[in-house]
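Peer 1: The following comprises the amino acid sequence and a computationally predicted model.
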Amino acid sequence: MDRIRRALVALVCALALAVPLAAAAPATPFAARGMADEVGRFAALVISTDDHDGRPFAIVDKKHARIHVFDAAGRWRGTSPVLLGQTPGDGSAPDVGDNTQHGFVPVAERTTPAGRFLAEPGRNLTGEHVVWVDYDAAFAIHRLRSGRSHAIRVARLASRSPDGRRLSLGCIVVPVKFYLGVVATLLGQGPSVVYVLPEDGNPAHLLAGGAAESNTASADGG
């Protein structure tokens with residue numbers, strides 16, 4: 001049965017790749033949740049193919065700088081604006097994890113990488129609870145932190161422009177209330193899947209793709 005299911009998933013993904021998600025019809029029910037049509041259709045594919053393996057999952061829409069979180073049954077549970085890496089790009093620099101550990105990430109490396117990631121909750125170097133999306137790259141979902149840049153980050157989170165919400169070192173930064181009420185409740189209890197949609201191209205290729213392993217050891221992130 002598992003072989004049959006994988007074959008069906010491969011077929012659905014192939015069909016999705018053949019027609020761009022943005023051009024597909026009709027619109028999904030997720031449009032009422034503030035999701036772009038392309039993102040809603042991607043969510044529907046994740047659920048229909050069980051690509052999330054019965055785990056809670058999140059979809060990060062980099063084009064609109066928003067995160068959408070779902071429970072293990074595929075029910076939408078919350079949406080929020082996010083801060084993303086200040087530098088455009090879908091890749092992750094090889095040394096970004098080490099650079100983050102040493103306290104300095106060059107501007108060129110401050111990207112939020114696209115991909116399908118197996119995420120796990122954990123702690124950073126200061127003991128703060130985070131959801132590790134890719135531990136080796138120090139890439140996490142975390143709450144808005146206090147500090148000298150707090151007021152600036154609050155203002156940028158409220159920006160209506162997705163470009164205005166590009167401010168982090170690469171991590172996905174969410175409001176404290178959303179982190180505690182949604183992220184920690186769903187993604188912070190065990191393994192989950194985080195889909196970070198690319199800035200360019202069809203996101204359907206992320207389905208049934210290789211996942212970047214994460215773990216719960218400590219790093220910092222930004």
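Peer 2: Great, that's in hand. Residues are numbered from 1 along each chain as shown.

Peer 1: burial measure for the nearest residue to Val182 once chain neighbours are set aside, as a count.
Peer 2: In this structure, Val182 finds its nearest non-sequential neighbour in Gly78, 3.9 Å apart by CB to CB, 6 or more residues apart in numbering. The way it works is simple: take the backbone N, C-alpha and C, and place the C-beta from them, glycine included. Gly78 has 18 neighbours, counted by other CB atoms under 10 Å.

Peer 1: And the pLDDT for Val19?
Peer 2: In this model, Val19 is scored at 44, pLDDT.

Peer 1: Also the one 5 residues further on?
Peer 2: With respect to pLDDT, Ala24 has a value of 44.

Peer 1: Name the single longest strand found in this structure.
Peer 2: The longest strand of the chain (DSSP state E) is strand 115-123.

Peer 1: Now do the buried residues in it.
Peer 2: 115-122 (16 or more other CB atoms under 10 Å).

Peer 1: Okay, the residue nearest to Val182 and His64: tell me how far apart.
Peer 2: Counting by CB to CB, to the nearest Å, the gap from Gly78 to His64 is 15 Å.

Peer 1: the strands in this protein, which residues?
Peer 2: Counting by DSSP E, the strands of the chain are 57-61, 66-70, 76-81, 84-85, 115-123, 129-134, 139-143, 166-168, 172-174, 192-197.

Peer 1: Tell me which residues are up against the second one.
Peer 2: Going back to what we said before, that points to strand 66-70. 30, 33-35, 39, 43, 46-47, 52, 56-61, 76-82, 141, 172, 174, 182-183, 186-187 (CB atoms under 8 Å, 6 or more residues apart in numbering).

Peer 1: Quick one: distance of stretch 56-67 to the chain centre.
Peer 2: 5 Å (CA atoms, centre = their mean, to the nearest Å).

Peer 1: quick one: average pLDDT of that stretch?
Peer 2: Mean predicted confidence for stretch 56-67 is 96.

Peer 1: In the chain, where is pLDDT below threshold?
Peer 2: Applying pLDDT under 70 to the chain flags the ranges 1-29, 31-32, 93-106, 108, 209-221.

Peer 1: Tell me where the protein has helices.
Peer 2: 2-18, 37-49, 96-101, 150-157, 176-178, 184-186 (DSSP state H).

Peer 1: which secondary structure elements does the fifth one contact?
Peer 2: Secondary-structure packing of helix 176-178 (3 or more CB pairs under 8 Å, 6 or more residues apart in numbering; DSSP states H and E): no helix or strand packs against it.

Peer 1: Could you list the buried residues of that helix?
Peer 2: Those buried within helix 176-178 under the rule 16+ other CB under 10 Å are Phe178.

Peer 1: The fourth one too?
Peer 2: Neighbour counts using 16+ other CB under 10 Å place 153, 156-157 of helix 150-157 among the buried residues.

Peer 1: ok, now which ones touch the closest residue to Gly164 other than its chain neighbours?
Peer 2: Once flanking residues are discounted, Gly164 sits nearest to Arg156: 5.7 Å by CB to CB, 6+ apart. Contacts for Arg156 (CB under 8 Å, 6+ apart) come out as 83, 164-165, 167.

Peer 1: what's the distance between stretch 176-192 and the middle of its chain?
Peer 2: 13 Å.

Peer 1: now swap in stretch 43-59 and tell me
Peer 2: 13 Å.

Peer 1: Thank you kindly, that will do.
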